[in-house]
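# here you go, sequence then predicted model.
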Amino acid sequence: METTGERLVLGLPKGSLQEATFALMRKAGFRLAADARSYRPETDDPELSVRLIRAQEIGRYVENGHLDAGITGYDWMVENGSDVHEVAELLYAKQGFRAVRWVLAVPNDSPVRTPADLQGKRIATEAVGLTRRYLAARGVEAEVEFSWGATEVKAPELVDAIVELTETGASLRAHQLRIVDTVLESTTRLIAAHAAWADPWKRRKLDQLAMLLQSVLAAESRVLLKLNVHEDRLAEALDRLPALHAPTVNRLSQEGWYSVESVVEERVVRDLVQPLKEAGAEGLIEIALNKVIP
């Protein structure tokens, strides 16, 4: 690989999002290797210098230029008021490819039904700034204290409510908590320092990184569907086959037969197979994709 000698210093989230981020980077074509105590993973890209840092801190280090760029949550950008350039949204989380939510939750038997009911009460959360802004916007005055972890177990003995991050709500239900309101919906973002974004080489590298990461995420929900069909029924089969843009159609060596392939949402394949068979399709094959680059 020919390089310029320049490097982009990239912060990746250490902790709950680390495994999912490493998997995403690997599918994008970047090999990363780090032991449990390493904060400087090795990479096979000589133009990248990677640091492992808590997601809560990445925005701050990108803002002050200690990192050229980083991957962190929108929630921590809001919490810290990070003045950075947002390069791309990356729709993935610890447990899946979805947004996460910071929610206001209380014990199931709590009399609290609305945020207003927390007037004068105590709330525990890791996202103190986010919670205070949320309450202020609703005219609610409450004591908000920082939680170092295990936030779900603090209500009702230590606090009246919590503001906690959730993907599925399973942990809250397990702790007999119910959601009162959503404080913020968040997705993962690729961000850059303003100075790095203004640098032509670093901007090109960031554009490449964003394109590759987004192409992996785009491929997660799609598959390549291939089939053969006789020319007499080609139009009928094509009419029943969705596509990212348009199906690819090629002649086969057997006279009158065509090969058709199309990128489709994986969730619709089960509903396509029977209609395609009824339209004369044969030899249907479903193939997993690694990247979908528009």
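That came through fine.
# when you work out contacts or count neighbours from here on, use the C-alpha atoms and nothing else.
Will do.
# am I right that residue 39 falls within a helix?
No: counting by DSSP: H, G, I helix; E, B strand; the rest coil, residue 39 is located in no helix; its state is coil.
# let's have the chain start at 16 instead
Yep, numbering from 16; the last one is residue 54 now.
# residue 30 versus the nearest residue to it once chain neighbours are set aside, what's the distance?
Leaving aside its chain neighbours, residue 54 sits nearest to residue 67 (4.7 Å; criterion: C-alpha to C-alpha, 6 or more residues apart in numbering). Distance, residue 67 to residue 30, using C-alpha to C-alpha, to the nearest Å: 9 Å.
# compare those two (neighbour count), which wins?
Taking other C-alpha atoms under 10 Å, residue 67 and residue 30 do not tie; residue 67 has more neighbours (20 against 12).
# what sits against that one?
Residue 67 sits next to 26, 27, 28, 29, 53, 54, 55, 56 when contact means C-alpha atoms under 8 Å, 6 or more residues apart in numbering.
# look up phi and psi at it.
Backbone torsions of residue 67, given as degrees, to the nearest 10, read phi -100, psi 120.
# need the pLDDT of it.
Each residue has a pLDDT score; the one for residue 67 is 94.
# that one pairs with what?
In this structure, residue 67 bridges to residue 27 when assessed by DSSP bridges.
# for the stretch 116-265 of the chain, which segments count as helices?
143-152, 185-189, 209-213, 215-235, 249-254 (DSSP state H, counting those that start in this stretch).
# how would you label the most centrally placed residue in the chain: helix, strand or coil?
Nearest to the geometric centre of the chain sits residue 107, at 1.9 Å (C-alpha atoms, centre = their mean). Under three-state DSSP, residue 107 falls in the coil class.
# wait, isn't it in contact with residue 114?
Yes: using C-alpha atoms under 8 Å, residue 107 is in contact with residue 114, at 6.9 Å.
# can you check which residues contact both of those two?
202, 203.
# so what's the residue lying closest to residue 156 once chain neighbours are set aside up against?
Excluding the flanking residues, the one nearest residue 156 by C-alpha to C-alpha, 6+ apart is residue 134, at 5.3 Å. For residue 134, the contacting residues are 155, 156, 157, by C-alpha under 8 Å, 6+ apart.
# look up how far residue 71 lies from the closest residue to residue 205 other than its chain neighbours.
Distance criterion C-alpha to C-alpha, 6+ apart; nearest residue to residue 205, sequence neighbours excluded, is residue 86 at 4.6 Å. According to C-alpha to C-alpha, residue 86 stands 10 Å off from residue 71.
# kind regards, and thank you for your time.
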